[in-house]
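> how would this look folded up:
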Amino acid sequence: MDFSATKIKYNETGYFSKIVNDYLNQDEFLKQFYVHAPTLDGIKASIAARKSFNTNRQLLVDELQQQYAGIEFTPLQQSNLKALLKNNTFTITTAHQPNIFTGPLYFIYKIFHVIKLADLLNKQITDSHFVPVYYMGSEDADLDELGYINLERKKLIWQTKQTGAVGKMKVDKALLKLIDEIYGQVGVQKFGKEITDIFKVCYAEGKTIQQATLELVNILFAGYGLLVVIPDNANLKKSFQDVVEKELAEQFSHQAVEATIQALSTQYKVQAGGRDLNLFYLIDNKRERIEKEGFRFKVSGLKLEWSKEEILNELYNHPERFSANVILRGVFQETILPNIIFVGGGGELAYWLELKNVFAAAHVPYPVLLLRNSFLIMQQQKTEQFKALGFEVKEIFKSDEQLLNELVVKQSTQQLNLIPEIRAAQIFYNELKETVAKVDITLAVHTEALQAKALKRLNELEKKIVRAEKKKFFVQKNKIAAIKQAAFPSDNLQERVDNLSAYYAKYGNKFLQMIYEISEDLDQQFVVIKLNG
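Sure thing, here's the model as predicted:
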């Protein structure tokens, strides 16, 4: 694919929060909330800290082999799997729920980011080995968020009656119908049948969503050496049992995060508050909160309750039934993986900055936090139209109104500002003020008020002149709106709306190769991709 890239600082896009921008700029206030800076030196420090933590590598490899049963590893995957048994091998991880058909584009972007980072570090830190990992949040029960895709500005929704953890839901006829709808949208494209055939293979009726997602991600990324971890597993959860027991006995995570939230909230909006007890109970098709009332532990939604001794016995006998919420999920992830870097979106970054003390209380190493890559894809036609209007690609983040104002000022043949007139008015009133002050000093104050009122009216008149002239530029206004709508559907980042299938259908696997090539490693900037042809 022929493409080029323009890099823009995140704080110049207007789409990222203050806490994210401050983290990228290594703001002094925020340094107290993380352990290692997102730099090469910070990564080396994270490696050193990780070496002192005993990860059950054999368990991890055994469970990965079990999860991949029936799926053939690529040579690079097989090499990475064997390397995980060695103490000098570390993972670089991103996490995401099993959105159907990969969900929004950033799902793809964050996975490529960990792949690119692993490739970089394998070249730069030669005494260690690095493996890219996708950690699947398959226990999430938010089907409203995970059960749809946007394709060509049409929302395709999985109309299923299943409830509970999305990963444990099964492919049904309603989901198969969606694949037919996707084909109806992209089938005319060169690779439209290819991507829908991939969906059909992965999303076979009766298969769980977590298994289908594993297979789909594997088809797309196996050649890059990526390994997928499904943590909803009794053996993996058993290795996290001590932390769960501590949470049940002490509710330690709430105490650990509370002071951090209070400190962060003095400067930023808090992302995740957590609860007194940050665990769910997971069984069959249900995932419900565990709450402590007096000396009893209850799951009200399931009408279950236990004494402390009884719930600990339940934990020992069925560790797979205990599910960490957002406050403890990261600790579980970092317990089962020999991880040194976590790559996440802006929201993930914000809540991970609340968790340093939770990790310390659980005696688990806190990784380097890295903001995932963000891309905006502009088709050649839109890029050329934008350029023809007199704008550079990096100006795409300006508002429609700002772009139109600048275009009118540049292209209008009329005088659109009253700078000479305003300057003349200022001179007039200054001279008038001197004249009347000679008669009565109090008249000077009255003259100043007249001056302020006159200048205000002139400024208002100037805005009206621009508005009147803008009406003549309705064609350009519509072009700007169309370009902006393509770049920011529903005034949102494209990567949060569009699905992979539309791009794969047009460009095939070359689209994935392009994203890999253009992916940043430690250079934290927003990238606008201009497609040529």
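> output the below-cut-off pLDDT ranges for the stretch 151-300 of the chain.
Scanning the stretch 151-300 of the chain for pLDDT under 70 picks out 271-272.
> the lengthiest helix in the chain packs against which elements?
For the chain, the helix that runs over the most residues, judged by DSSP state H, is helix 441-470. Using 3 or more C-beta pairs under 8 Å, 6 or more residues apart in numbering; DSSP states H and E as the contact test, the elements touching helix 441-470 are helix 400-411, helix 419-439. The way it works is simple: take the backbone N, C-alpha and C, and place the C-beta from them, glycine included.
> other SSEs contacting the shortest one?
In this case it means helix 400-411. When contacts are defined as 3+ C-beta pairs under 8 Å, 6+ apart, helix 400-411 packs onto helix 441-470, helix 474-487.
> mean confidence score for it?
Over the span of helix 400-411, the pLDDT mean works out to 82.
> buried set for that helix?
Under the neighbour-count criterion of 16 or more other C-beta atoms under 10 Å, helix 400-411 has 403-405, 407-408 buried.
> next one: the last one
Judged by neighbour count using 16+ other C-beta under 10 Å, the buried positions of helix 419-439 are 422, 425, 429, 433.
> surely the first one and Glu460 touch.
No - no contact is recorded between Ile422 and Glu460 when judged using C-beta atoms under 8 Å, the distance being 11.6 Å.
> next, show the common contact partners of the two.
Common contact partners of Ile422 and Glu460 (C-beta atoms under 8 Å, 6 or more residues apart in numbering): none.
> the residue with the largest distance to the centre of the chain: what's it in contact with?
Note on the chain: the largest C-alpha distance from the chain mean falls to Val439, namely 68.4 Å (C-alpha atoms, centre = their mean). Listed by C-beta under 8 Å, 6+ apart, Val439 has no contact partners.
> so which of the helices and strands packed on helix 441-470 gets nearest Ala249?
Ala249 lies closest to helix 400-411 among the helices and strands packed on helix 441-470, at 56.2 Å (C-beta to C-beta).
> that closest one to helix 441-470, inter-axis angle?
Interaxial angle of helix 400-411 relative to helix 441-470 (axes from the mean of the first three to the mean of the last three C-alpha atoms, to 10 degrees): 90 degrees.
> make TSV out of the helices and strands packed on helix 441-470 and add distance to Leu236.
Conversion of the helices and strands packed on helix 441-470 to TSV gives the following (distance: least, C-beta to C-beta, whole Å):
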stretch	distance to Leu236
helix 400-411	49
helix 419-439	69
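> ok, back up a step: please identify the most buried of the helices and strands packed on helix 400-411.
Among the helices and strands packed on helix 400-411, helix 474-487 has the highest mean neighbour count (mean count of other C-beta atoms under 10 Å), at a mean of 16.
> all helices of the stretch 201-350 of the chain, in order?
For the stretch 201-350 of the chain, the helices defined by DSSP state H, counting those that start in this stretch occupy 209-221, 234-238, 241-250, 252-264, 308-317, 326-336, 346-352.
> please produce TSV containing the ones you listed, extended by mean neighbour count and distance to Asn492.
Below are the helices of the stretch 201-350 of the chain laid out as TSV (neighbours: other C-beta atoms under 10 Å; distance: least, C-beta to C-beta, whole Å):
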stretch	mean neighbour count	distance to Asn492
helix 209-221	23	24
helix 234-238	18	35
helix 241-250	17	36
helix 252-264	18	26
helix 308-317	14	41
helix 326-336	23	23
helix 346-352	20	13
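> contact partners for the nearest residue to Asp62 once chain neighbours are set aside?
In space, and not counting its chain neighbours, Asp62 is closest to Asn235: 7.7 Å by C-beta to C-beta, 6 or more residues apart in numbering. Taking C-beta under 8 Å, 6+ apart, we find Asn235 in contact with 59, 62-63.
> against Leu59, how distant is Asn235?
For Asn235, the distance to Leu59 under the criterion C-beta to C-beta, to the nearest Å works out to 6 Å.
> just Glu334 next, same as before
Distance, Glu334 to Leu59, using C-beta to C-beta: 15 Å.
> re the thing from before, shared neighbours, Asn235 and Leu59?
By C-beta under 8 Å, 6+ apart, no residue touches both Asn235 and Leu59.
> so the closest residue to Lys410 other than its chain neighbours, which of the three states?
Leaving aside its sequence neighbours, Lys410 sits nearest to Gly390 (C-beta to C-beta, 6+ apart; 5.8 Å). Under DSSP: H, G, I helix; E, B strand; the rest coil, Gly390 falls in the coil class.
> who are the neighbours in contact with the residue positioned nearest the centre of the chain?
The centroid of the chain falls nearest to Gly345 when counting by C-alpha atoms, centre = their mean (2.8 Å). For Gly345, the contact set (C-beta under 8 Å, 6+ apart) comprises 106, 110, 371-372.
> for it, phi and psi?
With angles defined as degrees, to the nearest 10, Gly345 sits at phi -80, psi -180.
> what do you get for Gly103?
The phi/psi pair for Gly103 (degrees, to the nearest 10) is phi 60, psi -140.
> check contacts around it.
Shown in contact with Gly103 (C-beta under 8 Å, 6+ apart): 96-97, 146, 149, 499.
> in helices only, show me those.
Counting by DSSP H, the contacts of Gly103 place Leu146 in helices.
> can I get the contacts of Gly103 in JSON lines with neighbour count and distance to Ile341?
Formatted as JSON lines, these follow (neighbours: other C-beta atoms under 10 Å; distance: C-beta to C-beta, whole Å):
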{"residue": "His96", "neighbour count": "25", "distance to Ile341": "16"}
{"residue": "Gln97", "neighbour count": "21", "distance to Ile341": "20"}
{"residue": "Leu146", "neighbour count": "22", "distance to Ile341": "25"}
{"residue": "Ile149", "neighbour count": "24", "distance to Ile341": "29"}
{"residue": "Asn499", "neighbour count": "26", "distance to Ile341": "27"}
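> what about Gln513, which helix or strand?
helix 509-518 (DSSP states H and E).
> contact partners of stretch 49-59?
Residues outside stretch 49-59 that contact it (C-beta under 8 Å, 6+ apart) are 35-36, 84-87, 90, 235-236, 239, 335-340, 364-366.
> that older thread, quick one: closest of the helices and strands packed on helix 441-470 to Asp119.
Nearest to Asp119 among the helices and strands packed on helix 441-470 is helix 400-411; the distance by C-beta to C-beta comes to 38.0 Å.
> now the angle from the closest one to helix 474-487?
Angular relation of helix 400-411 and helix 474-487 on a 0 to 180 degree scale: 140 degrees, by the same axes, to 10 degrees.
> and Glu28, how far is that from Val257?
Glu28 sits 22 Å away from Val257, going by C-beta to C-beta.
> from the contacts of Gly345, which land in strands?
Members of those lying in strands (criterion: DSSP state E): Leu371.
> biggest separation within the contacts of Gly345, which pair?
Put simply, by C-beta to C-beta the two of the contacts of Gly345 set farthest apart are Tyr106 and Leu371, 11.4 Å from each other.
> before we move on, the earlier item: put the buried members of the contacts of stretch 49-59 into a ChimeraX selection.
In ChimeraX syntax, the buried subset of the contacts of stretch 49-59 is picked out as below (16+ other C-beta under 10 Å):
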select :35,36,84,90,236,239,335,336,337,338,339,340,364,365,366
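> now, the contacts of stretch 49-59 that are in strands?
Cross-referencing the contacts of stretch 49-59 against strands under DSSP E gives 90, 339-340.
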